[in-house]
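Colleague: have a look at this prediction, sequence included:
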Amino acid sequence: MRINAFSDVCLRVVMLLAASPEAAMMTSRAISEAIATPYNHVSKAIIRLRELGLVEVARGRSGGVRISAEGRKATIGWLLRQLDTRLDLAACITPNGPCPLLDGCGVRGALRRAREAFYSDLDPVVIASQPHNQPETRVFY
């Protein structure tokens, strides 16, 4: 299974913030540079992570972003479920119409079960427990 680019950026942001000192605030520009991701992508990720309660954001001259208490407890499985916007993994309806095998096909159900097994396997993995030290340079995957 493969996660989408947006989920990847969100995971990187939470992990970077978790590796930072407890009360440290980071600007979105600093986060962008640290994870080698365009600023606009990081900004969108921070907005979504804030909506999910995983980060706290303060505006202004001394503002920035830091991980929240909920962010320190969130698991990878939970976060990926929240960020997954795909209803089906298989493209059964195309611009040319529905797949001719749609009525008797079991692939959609199998893919749905596989996706849930993927997330379930990641449910015990707390995101904040993954970075084992504060990164000194840019974070790449």
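Modeller: Received it, and whenever you're ready, just let me know what you need.

Colleague: where does the protein dip in pLDDT?
Modeller: Scanning the chain for pLDDT under 70 picks out the ranges 132-141.

Colleague: okay, which residue of it is out on the far edge from center?
Modeller: residue 100 (34.7 Å; C-alpha atoms, centre = their mean).

Colleague: any idea which element that one lies in?
Modeller: Take DSSP states H and E as the rule and residue 100 turns out to sit in neither a helix nor a strand.

Colleague: how far away is it from residue 93?
Modeller: Applying C-beta to C-beta, to the nearest Å, the value for residue 100 to residue 93 is 12 Å. Just so you know, the C-beta spots here come from the backbone N, C-alpha and C atoms, and that holds for glycine as well.

Colleague: list the contacts of residue 32.
Modeller: Residue 32 makes contacts with 38, 39, 41, 42, as judged by C-beta atoms under 8 Å, 6 or more residues apart in numbering.

Colleague: confirm it sits in a strand?
Modeller: No - if the criterion is DSSP: H, G, I helix; E, B strand; the rest coil, then residue 32 is helix and not within a strand.

Colleague: please report how far it lies from residue 24.
Modeller: On the measure of C-beta to C-beta, residue 32 and residue 24 end up 16 Å apart.

Colleague: so which residues of this structure form strands?
Modeller: Under the criterion DSSP state E, the chain contains strands at 55-58, 64-67, 93-94, 97-98.

Colleague: can you give the distance from stretch 37-44 to the centre of its chain?
Modeller: In terms of C-alpha atoms, centre = their mean, to the nearest Å, the centre of stretch 37-44 is found 13 Å from the chain centre.

Colleague: next one: stretch 19-29
Modeller: 18 Å.

Colleague: tell me the buried residues in that stretch?
Modeller: Using 16 or more other C-beta atoms under 10 Å as the burial criterion, the residues of stretch 19-29 that qualify are 19, 20, 25, 26, 28.

Colleague: between the two ends of that stretch, how far is it?
Modeller: 17 Å (C-alpha to C-alpha, to the nearest Å).

Colleague: lovely, talk soon.
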